[in-house]
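[1] Below: sequence and its predicted model.
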Amino acid sequence: MPDVLVTGGAGFIGSHTVDGLVEQGYKVRVLDNLEPQVHTSKKITHINPGAEYINGDIRYRKHWIRALEGVEYIIHLAGAVGIAQSFWQVKKYVDVNASGTANLYQAIEEVPKIRSNLRKIVVASSKSCYGEGTYSCDKHGPFNPLQRPIQQLKNHQWEVLCPVCGRQSGPKAIREDKPLQNLNPYSLSKYVTEQLSMDYSYALGIETVAFRYFNVYGSRQSLSNPYTGVMAIFLSRLKNGNPPVIFEDGNQVRDYIHVSDVAAANRLALERGNGVYNLGTGIPTPLKEIATRLAGLNGLDILPHITSDYRPGDNRHDFADNTKLNRDLKVSNFMSLEKGLSELIHWSADQVAVDKFALSESQRKKYLT
Ligand SMILES: NC(=O)c1ccc[n+]([C@@H]2O[C@H](COP(=O)([O-])OP(=O)(O)OC[C@H]3O[C@@H](n4cnc5c(N)ncnc54)[C@H](O)[C@@H]3O)[C@@H](O)[C@H]2O)c1
Ligand SMILES: [Zn+2]
């Protein structure tokens with residue numbers, strides 16, 4: 001079987017992807033710098049004995065060049081992850097996500113052997129590139145709004161209003177051709193990853209898949225990183241006896257996809273597909289349902305704290321239209337939320353979770369208001 005390089009392969013999605021590839025017989029190499037915000041100890045927690053690990057940083061081209069030796073496939077998942085935090089660490093987010101990916105293509109350009117070995121590239125983009133979701137007015141049909149005006153949020157009018165008649169409008173599944181908004185440095189830097197990979201795919205004739213992941217959840221998502229992963233943040237709160245904090249009214253929906261489905265799609269994309277794809281189940285679930293179910297599954301009688309306040313920059317609803325994914329990659333049988341949550345709870349039972357939510361909130365208030 002061919003050689004695959006998985007960047008970020010020690011992380012949440014990466015480690016599951018590595019396990020799946022090794023199981024299928026691929027020879028896997030990992031490039032990961034064990035970012036301290038994600039890896040609380042200096043050792044890799046989920047090491048696969050069948051893979052080779054290189055402790056290296058995508059911000060250095062020489063680390064890429066070493067890791068790319070003999071590689072036929074790349075799954076590029078390494079990245080700085082966190083929306084709000086990207087505002088106060090903008091340089092880092094641009095360096096890792098945008099320049100880090102640029103280093104990959106610079107290496108391909110500079111070393112002919114790397115380019116001639118390469119057969120396919122898969123990169124992680126994000127649904128956050130869409131910004132606000134797609135909506136439909138009963139009378140005026142579908143539309144793609146801008147962010148809700150701050151005055152509307154101050155009036156606790158959470159739902160998106162039709163720009164023609166002002167009526168409340170419901171969410172619709174987001175298609176890949178929805179205009180992007182990239183409302184924060186994280187999204188913009190992920191978009192650079194995505195678009196660079198598409199530009200080079202065309203220019204060099206290397207088949208490339210960019211996945212816009214929706215909300216990925218499941219075992220191994222860091223429970224002590226308060227900047228990313230709403231389920232992990234809620235679980236960390238609950239495990240410390242604190243209520244999950246929910247902004248607005250808790251009825252905002254998201255599309256939760258289990259990490260095993262994402263790992264499987266990453267693997268399948270080595271064989272099928274070319275271009276940009278949503279990777280979500282297409283099923284919308286309200287945020288307050290997630291908080292309540294997580295508490296119940298942990299046997300805890302802790303209700304979420306619904307603040308009735310807002311965070312500037314949050315979108316109201318989003319969930320994926322995965323028609324294109326199903327058509328090209330034949331991915332459609334996703335794990336049910338019930339099964340996925342029980343996998344997460346089972347894993348988390350003996351995990352240490354440091355609740356840093358208050359810290360992340362104090363930083364957000366310091367830097368963003
Ligand atoms: N988890 C989600 O819901 C989600 C949603 C959309 C997109 N994504 C994208 O998926 C990818 C994987 O995310 P994840 O949730 O597994 O996050 P994660 O933080 O668990 O994994 C990222 C990995 O990248 C490594 N890394 C960070 N900076 C690096 C650098 N400079 N050099 C080398 N390695 C570095 C980290 O050590 C970590 O192991 C990211 O690119 C992220 O933007 C994730
Ligand atoms: Zn209308």
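    Sure, I can see it. Ligands and ions are numbered 1, 2, ... in the order given.

[2] Identify the spatial nearest neighbour of residue 126, chain neighbours not counted.
    In space, and not counting its chain neighbours, residue 126 is closest to residue 190: 4.4 Å by C-beta to C-beta, 6 or more residues apart in numbering. Bear in mind the C-beta positions are built from the backbone N, C-alpha and C, glycine included.

[3] who touches the helix or strand hosting the one you found?
    Using DSSP states H and E, residue 190 falls within helix 185-204. With C-beta atoms under 8 Å, 6 or more residues apart in numbering as the test, helix 185-204 has contacts from 76, 79-83, 85-87, 90, 93-94, 96-98, 101-102, 105, 108, 115, 121, 123-126, 128-129, 131, 180-182, 206-208, 210, 212, 274-276.

[4] And for the residue of the stretch 1-150 of the chain found nearest ligand 1, the neighbour number?
    Proximity to ligand 1, evaluated over the stretch 1-150 of the chain using C-beta to the nearest ligand atom, is greatest for residue 11 at 2.1 Å. By the criterion of other C-beta atoms under 10 Å, residue 11 has 27 neighbours.

[5] residues in contact with it?
    32, 38, 77, 78.

[6] Make a PyMOL selection of the buried ones in those.
    PyMOL command restricting the contacts of residue 11 to the buried ones, with burial defined by 16 or more other C-beta atoms under 10 Å:
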select buried, resi 32+38+77+78
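
[7] Of the contacts of residue 11, which belong to strands?
    Among the contacts of residue 11, DSSP state E puts residue 32 in strands.

[8] Taking the contacts of residue 11 together, which two end up most distant?
    Greatest spatial distance in the contacts of residue 11: 38 and 77, 11.8 Å, computed using C-beta to C-beta.

[9] want to throw the contacts of residue 11 into JSON lines with distance to ligand 2 and pLDDT?
    Formatted as JSON lines, the contacts of residue 11 follow (distance: C-beta to the ion, whole Å; pLDDT from 0 to 100):
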{"residue": "32", "distance to ligand 2": "48", "pLDDT": "97"}
{"residue": "38", "distance to ligand 2": "44", "pLDDT": "91"}
{"residue": "77", "distance to ligand 2": "40", "pLDDT": "98"}
{"residue": "78", "distance to ligand 2": "43", "pLDDT": "98"}
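
[10] just the contacts of residue 11 that are near ligand 1?
    Contacts with ligand 1 within the contacts of residue 11, counted by C-beta under 6 Å from any ligand atom: 32, 38, 77, 78.

[11] ok, back up a step: next secondary structure after the helix holding residue 190?
    Following helix 185-204 toward the C-terminus (DSSP H and E): strand 207-213.

[12] Pull up the pairing partners for the very next helix or strand once past that next one, direction included.
    For strand 207-213, the following helix or strand on the C-terminal side (DSSP H and E) is strand 215-217. Note on strand 215-217: by DSSP bridges, its sheet partners are strand 253-258 (parallel).

[13] Could I get the buried residue list for the partner strand?
    253, 254, 255, 256, 257, 258.

[14] Nearest residue to residue 135 in space, please, no chain neighbours.
    Using C-beta to C-beta, 6+ apart, the closest residue to residue 135 is residue 169 (4.1 Å).

[15] so who does residue 99 touch?
    Residue 99 sits in contact with residue 59, where contact means C-beta under 8 Å, 6+ apart.

[16] separation between it and residue 124?
    Distance, residue 99 to residue 124, by C-beta to C-beta, to the nearest Å: 16 Å.

[17] could you check whether stretch 255-272 is close to ligand 1?
    No. Stretch 255-272 lies apart from ligand 1 when judged by C-beta under 6 Å from any ligand atom; the minimum separation is 7.9 Å.

[18] Tell me which entries of the contacts of helix 185-204 lie within strands.
    Among these, the members found in strands (DSSP E) are 76, 121, 123, 124, 125, 126, 207, 208, 210, 212, 275, 276.

[19] Show me which of those are buried.
    Neighbour-count burial (16+ other C-beta under 10 Å) is assigned, among these, to 76, 121, 123, 124, 125, 126, 207, 208, 210, 212, 276.

[20] what does the stretch 51-200 of the chain have sitting close to ligand 1?
    So the stretch 51-200 of the chain meets ligand 1 at 57-59, 77-81, 96, 100, 124, 126, 190 (C-beta under 6 Å from any ligand atom).

[21] pLDDT (mean, whole number) over stretch 275-284?
    For stretch 275-284, the mean pLDDT works out to 98.

[22] Helices of the stretch 251-369 of the chain, residue ranges please.
    259-268, 287-297, 323-329, 337-348, 357-368 (DSSP state H, counting those that start in this stretch).

[23] Just name the most buried of these.
    Of all the helices of the stretch 251-369 of the chain, helix 259-268 has the most neighbours on average by mean count of other C-beta atoms under 10 Å, namely a mean of 22.

[24] Quick one: residues in contact with that one.
    In contact with helix 259-268 (C-beta under 8 Å, 6+ apart) are residues 12-13, 16-17, 19-21, 24, 75, 77, 122, 211, 213, 216-221, 279, 281, 325, 329-331, 334-335, 340, 343.

[25] So how do I select the buried members of these in PyMOL?
    Buried members of the contacts of helix 259-268, defined by 16+ other C-beta under 10 Å, are picked up in PyMOL with:
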select buried, resi 12+13+16+17+19+20+21+75+77+122+211+213+216+217+218+219+220+221+279+281+325+329+331+334+335+340+343
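
[26] Report how many residues lie close to the residue in the stretch 201-350 of the chain positioned nearest to ligand 2.
    Residue of the stretch 201-350 of the chain nearest ligand 2, by C-beta to the ion: residue 316 (16.2 Å). Counted with other C-beta under 10 Å, residues neighbouring residue 316 total 21.

[27] All good on my end, thank you.
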